[in-house]
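Participant: pasted the sequence and its predicted model underneath.
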Amino acid sequence: PLVSTGELVSGARAAGHGVAAFNVITLEHAEAVALGAERTGAPAILQISENAVKFHGGRLSAIAAATAAVARASSAPLSLHLDHVTDVELLRAAHPEGFSSVMFDASKLSYGENVKATADAVRWGHERGIWVEAELGEVGGKEGEAPLDAHAPGVRTDPAEAAAYVAETGVDALAVAVGSSHAMTERTASLDHGLIAALATAVPVPLVLHGSSGVPDEEIRRAVASGIVKVNVGTALNTAFTGAVRAFLDAQPSAVDPRKYMAPAREAVAETVAHFQQFMA
Ligand code: G3H
Ligand code: ZN
């Protein structure tokens, strides 16, 4: 069924668990997340990023409706989240499309501008029952930007500043920079578990780990134990998807029916979803 992100995150946090959020680009990604979640029996968040909306010509409705329909038809509890929104117009479009949550990303702005823009987004969301996540400190490696050294202490989230930020903005969850970076294709990130624990103590709302594709399995398990609740995974799904397509087409170069290579791609994504879900408890 389609449930709300707020209830999935609150439920996971109360149980001392994490909940994985998977990026959806195509219908097959959404189907694969549902399949993986049905296999493990664990809930999942289906997240569509602003960049994915741009891929679909800027039209949110079609991919959102398809993803919500997959969630409604599934036996697993699945929610719909709009990810890394920088455009306020897109934020406003989320409301009629079945999204119960958004991540508003003002992390590029100065602290003061980030607070102001995020507080506005939170006010807008809360008037509509929408759960709002925001980011403080910068998790590097976002599309279209120069790689940022995730290991440099300057870009990490400071606990005292994070506590003030949450109080000033009223956000429901906080994405933190603790050593992960977006779009990593090797799982070599090393997280600062002491910082995660300090942030979990300082900040009253659940913490979100972005760029989890580059984080080794045991590091994810430890991060959840130290206070990360929402675990965002995107690139690992695409590595699985594209690897399966490539293997199929290498073996059968004359194939033309997309169903022939999309079926193994969807299955590879479902297996990857189930793999990450193992580390949520
Ligand atoms: O918001 C999305 C995630 O942070 C995904 O990051 O593609 O590096 O796993 P990733
Ligand atoms: Zn992210």
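Facilitator: Thanks, I have it. Ligands and ions are numbered 1, 2, ... in the order given.
Participant: and the gap between Arg72 and ligand 1?
Facilitator: Per Cβ to the nearest ligand atom, to the nearest Å, Arg72 is found 23 Å from ligand 1. Every residue, glycine included, has its C-beta placed from N, CA and C.
Participant: neighbours of that residue, just the number please.
Facilitator: 11 (other Cβ atoms under 10 Å).
Participant: and it, what is it in contact with?
Facilitator: Going by Cβ atoms under 8 Å, 6 or more residues apart in numbering, Arg72 touches Pro1, Leu2.
Participant: distance of it from His56?
Facilitator: 20 Å (Cβ to Cβ, to the nearest Å).
Participant: then Ala162?
Facilitator: Ala162 is 33 Å from His56, where distance means Cβ to Cβ.
Participant: so for these two, which sits in the more crowded spot?
Facilitator: Neighbour comparison, Ala162 and His56: the larger count goes to Ala162, with 20 against 15 (by other Cβ under 10 Å).
Participant: number of residues surrounding the residue lying closest to the more buried one once chain neighbours are set aside?
Facilitator: Among residues not flanking Ala162 along the chain, Val203 sits closest, at 5.1 Å (Cβ to Cβ, 6 or more residues apart in numbering). By other Cβ under 10 Å, 23 other residues sit near Val203.
Participant: tell me which parts of the stretch 1-150 of the chain are close to ligand 1?
Facilitator: Contact residues, the stretch 1-150 of the chain versus ligand 1 (Cβ under 6 Å from any ligand atom): Asn23, Asp83, His84.
Participant: can we see that at 5 Å?
Facilitator: Contact residues, the stretch 1-150 of the chain versus ligand 1 (Cβ under 5 Å from any ligand atom): Asp83.
Participant: what ranges do the strands span in the stretch 1-150 of the chain?
Facilitator: Applying DSSP state E, counting those that start in this stretch to the stretch 1-150 of the chain gives strands spanning 19-23, 44-49, 78-85, 101-104, 131-136.
Participant: where does the stretch 101-250 of the chain dip in pLDDT?
Facilitator: Applying pLDDT under 70 to the stretch 101-250 of the chain flags residues 146-154.
Participant: quick one on the thing from earlier: of all the strands of the stretch 1-150 of the chain, which lies closest to Ser181?
Facilitator: Among the strands of the stretch 1-150 of the chain, strand 131-136 comes nearest to Ser181, with 13.1 Å by Cβ to Cβ.
Participant: burial count for Ile25?
Facilitator: If you count neighbours by other Cβ under 10 Å, Ile25 ends up with 18.
Participant: look up how far Gly214 lies from the closest residue to it other than its chain neighbours.
Facilitator: Nearest non-adjacent residue to Ile25, counting by Cβ to Cβ, 6+ apart: Ala52, 4.9 Å away. With distances taken as Cβ to Cβ, Ala52 is found 19 Å from Gly214.
Participant: list the contacts of the residue of the stretch 1-150 of the chain found nearest ligand 1.
Facilitator: Of all residues in the stretch 1-150 of the chain, the one sitting closest to ligand 1 is Asp83 (4.8 Å; Cβ to the nearest ligand atom). By Cβ under 8 Å, 6+ apart, the contact set of Asp83 is Ala21, Asn23, Gln47, Ile48, Ser49, Glu50, Ala52, Val102, Met103, Asn232.
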